[in-house]
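S.K.: could you work out the structure for the sequence below:
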Amino acid sequence: MSILPIFIPHAGCPHQCVFCNQKTISGQKLAAVAGAKEQLARWRSWLRPSTANEAAFYGGSFTGLPLELQEELLALTDALLAEGFIGSVRLSTRPDYMDEERLQLLQRHGVRLVELGVQSLDDRVLAAAERGHTAAQVAPAVALLKRFGFQVGLQLMVGMPEQSFDSVQETVRKAIAMHPDVARIYPLLVIKGTPLAADYAAGRFVPLTLEEAVTQAAWDYRELTEAGVNVIRIGLQPDDELCAPGNILAGPFHPAMGELVKSRVLRTEVTSQLEKLADCGAVKIYCPARLESKLRGQKSCNLRYWEACFPGLELQIIQDKADEIRVCPHVNPLHQS
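M.R.: Down below sits the predicted model:
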């Protein structure tokens, strides 16, 4: 499956959240129909047609656009659907722009999944971010989408103003209770040209460190996946414009944030098992090849972490054909009494 991203920066959104500069985040300066046509022309030039492909409108609040403009944009994807170039459409919007008329329009144009920019389910955090909606508006929006047969995605953030780790955890618990199909986790960054950039410059806002962001996002990822929610993205897409010098002023940006987070989840899981085996002298960790790099961590940081936590424990990571990681005690004659 290939995703054809169509960026419509800030389109349909009457608010500017304190952290938002959509034209930088999306890497797309053109808006609405002209920009969408240009982007789709590029995809058509090299992508192989398949009903497994999906067009995705990102960057604004799609259902906040005038209905006529929504029709114009969806007409572009209608053509791709009719040709068999794609098989479905997804889009992102706000939880306060949901009603039956809007959803009937989306149904007519092959939209399969609607992602809601929720960010937090803590009203104090939403107010500090100037989101313009309340937490109470999210659950009814999710329920309405499900009633119309759409798959639902929730976009969540860590590191927002006034957002503690406790608040992050409570948001995830409430999100899971809504039974979304997919989720995204975004650590907040301070982007040039945003209201938050001025707060950061004045010392009124301190972003998370990379370590803090990985810890919080890893907790979110573990809880969501264990609840059956497919986490389809962790961290912003590191496109050329976002990564241009001077655009990211501060915050926990890493081009491989997803890898860091998944590696941290494995570290936490294995650590809890090693704690029970700390006195056995030696441990072999059997690991499928596809997970070995995540298990070891970047530059073997997980392995070094375990060696520091359990200095008396001899550790060995061994590739294994099994589908999951196994932590097994290994009798080392040097440790026998």
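S.K.: mind checking the SS state of the closest residue in space to residue 138 that isn't next to it in sequence?
M.R.: Distance criterion CB to CB, 6 or more residues apart in numbering; nearest residue to residue 138, sequence neighbours excluded, is residue 95 at 4.6 Å. C-beta here means a position set from N, CA and C on the backbone, and glycine is covered the same way. State at residue 95, reduced to three classes by DSSP: H, G, I helix; E, B strand; the rest coil: coil.
S.K.: look up how far residue 61 lies from residue 95.
M.R.: Using CB to CB, to the nearest Å, we find residue 95 at a distance of 10 Å from residue 61.
S.K.: now for these two: what residues contact both?
M.R.: Residues touching both residue 95 and residue 61 by CB atoms under 8 Å, 6 or more residues apart in numbering: residue 117.
S.K.: can you give me the helices for the stretch 201-337 of the chain?
M.R.: Applying DSSP state H, counting those that start in this stretch to the stretch 201-337 of the chain gives helices spanning 210-226, 257-276, 292-296, 301-309.
S.K.: just name the most buried of these.
M.R.: The highest mean neighbour count among the helices of the stretch 201-337 of the chain, using mean count of other CB atoms under 10 Å, belongs to helix 210-226: a mean of 19.
S.K.: just checking, what packs against it?
M.R.: Applying 3 or more CB pairs under 8 Å, 6 or more residues apart in numbering; DSSP states H and E, one finds that helix 210-226 contacts strand 151-158, helix 165-177, strand 182-187, strand 230-234, helix 257-276.
S.K.: against which helices or strands is whichever strand or helix holds residue 4 packed?
M.R.: Assigned by DSSP states H and E, residue 4 falls within strand 3-7. With contacts taken as 3+ CB pairs under 8 Å, 6+ apart, strand 3-7 sits against helix 32-46, strand 54-58.
S.K.: contacts for it, please.
M.R.: Identification of contacts with strand 3-7 by CB under 8 Å, 6+ apart yields 26-28, 35-36, 39-40, 43, 47, 53-59, 73, 80, 86.
S.K.: next one: stretch 304-320
M.R.: So stretch 304-320 is in contact with 267, 270-271, 274, 277-289, 292, 295-297, 303, 326, 330, 332, going by CB under 8 Å, 6+ apart.
S.K.: now do stretch 208-216
M.R.: Here stretch 208-216 makes contact (CB under 8 Å, 6+ apart) with 158-159, 165, 168, 187-188, 251-254, 257, 260-261, 264.
S.K.: before I go, just wanted to say thanks for your time.
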